[in-house]
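Undergrad: how would this look folded up:
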Amino acid sequence: MKIAIRVASLGLGYTSPNPAVGAVLVDPKTGEVVAKGYHKAYGLPHAEVEAIEKAKEKARGCYLYVTLEPCCHHGMTPPCTEAILKAGIKRVVCAIKDPNPIACGGLSFLQSHGIEVKSGVCVEEAAYLTRFHLSRVIRKRPWVMMKVAATLDGRIATSTGDSKWITDEPARKFAHKLRAIADAILVGKNTVLKDDPELTVRMVKGKNPIRLILDSHLSLTPYYKVFEVDETKQTVIFCGENAPKDKEKLFVERGVEVVRLPCGENGEVDLKALLSYCQGRGITSVLVEGGGKVHGSFLKEGLYDEVFFMYGPMIMGDPLGVSAVNAKPLTNLNEATRLFQIKIKRFGNSILIHGLTQSGLDLIQRAVKNSIDNLSS
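TA: So this is what the prediction gives:
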């Protein structure tokens, strides 16, 4: 199963709105791996089918290990359960059960046709791998990730706006890996004004995420790099319902999509409405890169599921430097956002602290419980 999880990760960033899934066929007599497969892109064969097609006749009598319950419905591709039956697979072991009411039921179907089934193997690792899909199906919104690069004293830029570079090249390369697996990347208008970023994947191989720009009053002009669009680079700018219509025309003429959403009492775009839009568009994951005000807004609404906080080895000491997060005054530490399942990793001279928020942890644990409670043997 660990091999299946590792293989599945190769599809991250390419399969949406489908999940990344891996499959491994094993000869039960020798324990040897007969074939491996993974879902390469939306509309292409699923992992189980790819592994079976590679194995051909050798698939008969094999055990199939797959990270997600095989689908049991006709979608862009035929049901995987049909391919499994036809191939003569003896036993199917999956990590997590699919919460999607359209696709689930594969294990029960296979069991009713005489195939041995089991779920809940390496379930926590697989649930994390499939977290984007779980969020889309269970919560009806994308999985939201917070990414910050800050000094040791929590600053992301000097008082003059200088921020290049706080972290070193290995850390920045990791940030581009995050972009490559995310369906969308989001920043606020101040980040566009100060940094003029491209928000594309450059230091690693991968497709560009859809670029989401928060500009409640449509105060930006459409002449920044992020508004240069083509078939590989898409941009959506979110503004309030009362933003100037003449400005909207300028963006549309350059190929930028303008989405008007309701605003809250603070006059800023409603973030829950934004995520609802993303859900409708098939966006399963959003990587939020800032700035501090945007991070603060997502934190205040409790919308973050996962945090990637990268520290560069420097102390700014600028009392007017830009804070990594600007949310709201707290009366006590119980109001702070706490992280769980913490991992710490070094990238060059930079240090990453990675963890799940309570929201993200709850979703993972729900999927784990569902798969273990329904364990079949």
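
Undergrad: residues touching the most centrally placed residue in the chain, list them.
TA: Closest residue to the average C-alpha location of the chain: residue 285 at 3.6 Å, with Cα atoms, centre = their mean. Taking Cβ atoms under 8 Å, 6 or more residues apart in numbering, we find residue 285 in contact with 16, 132, 135, 142-145, 181-184. For every residue, glycine as well, the C-beta is placed using N, CA and C.

Undergrad: Let me know the closest of the residues you listed to residue 328.
TA: Minimum distance to residue 328 across the contacts of residue 285 is 18.3 Å, recorded for residue 144 (Cβ to Cβ).

Undergrad: OK, contacts around the closest one?
TA: Here residue 144 is in contact with 275, 285-286, 288, 298, 303-306 (Cβ under 8 Å, 6+ apart).

Undergrad: Of these, which count as buried by neighbour count?
TA: 275, 285-286, 288, 298, 303-306 (16 or more other Cβ atoms under 10 Å).

Undergrad: Go through these and flag which are in helices.
TA: 275, 298 (DSSP state H).

Undergrad: In CSV: the buried ones among the contacts of residue 144, plus pLDDT.
TA: Formatted as CSV, those follow (pLDDT from 0 to 100):
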residue, pLDDT
275, 98
285, 98
286, 99
288, 98
298, 97
303, 98
304, 98
305, 99
306, 99
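
Undergrad: Let's have the buried ones among the contacts of residue 144 in CSV, adding distance to residue 40.
TA: Below are the buried ones among the contacts of residue 144 laid out as CSV (distance: Cβ to Cβ, whole Å):
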residue, distance to residue 40
275, 27
285, 18
286, 23
288, 27
298, 32
303, 31
304, 30
305, 26
306, 24
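
Undergrad: if we can go back for a sec, tell me the one of the contacts of residue 144 nearest residue 43?
TA: Residue 43 has its nearest neighbour among the contacts of residue 144 in residue 285, at 18.8 Å by Cβ to Cβ.

Undergrad: OK, contacts around the closest residue to residue 143 other than its chain neighbours?
TA: Spatial nearest neighbour of residue 143, excluding adjacent residues (Cβ to Cβ, 6 or more residues apart in numbering): residue 135 at 4.1 Å. Contact partners of residue 135, counting by Cβ under 8 Å, 6+ apart, are 141-143, 284-285, 305, 363.

Undergrad: now swap in residue 11 and tell me
TA: Residue 11 neighbours (Cβ under 8 Å, 6+ apart): 20-22, 38-41.

Undergrad: how about the helices of this protein, start to end?
TA: 2-8, 47-55, 80-87, 106-112, 123-129, 131-134, 169-181, 189-195, 245-253, 271-280, 292-300, 358-373.

Undergrad: Could you export those helices as CSV, including distance to residue 160?
TA: CSV is the format used below for the helices of the chain (distance: least, Cβ to Cβ, whole Å):
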stretch, distance to residue 160
helix 2-8, 45
helix 47-55, 50
helix 80-87, 56
helix 106-112, 57
helix 123-129, 40
helix 131-134, 37
helix 169-181, 21
helix 189-195, 10
helix 245-253, 28
helix 271-280, 29
helix 292-300, 15
helix 358-373, 35
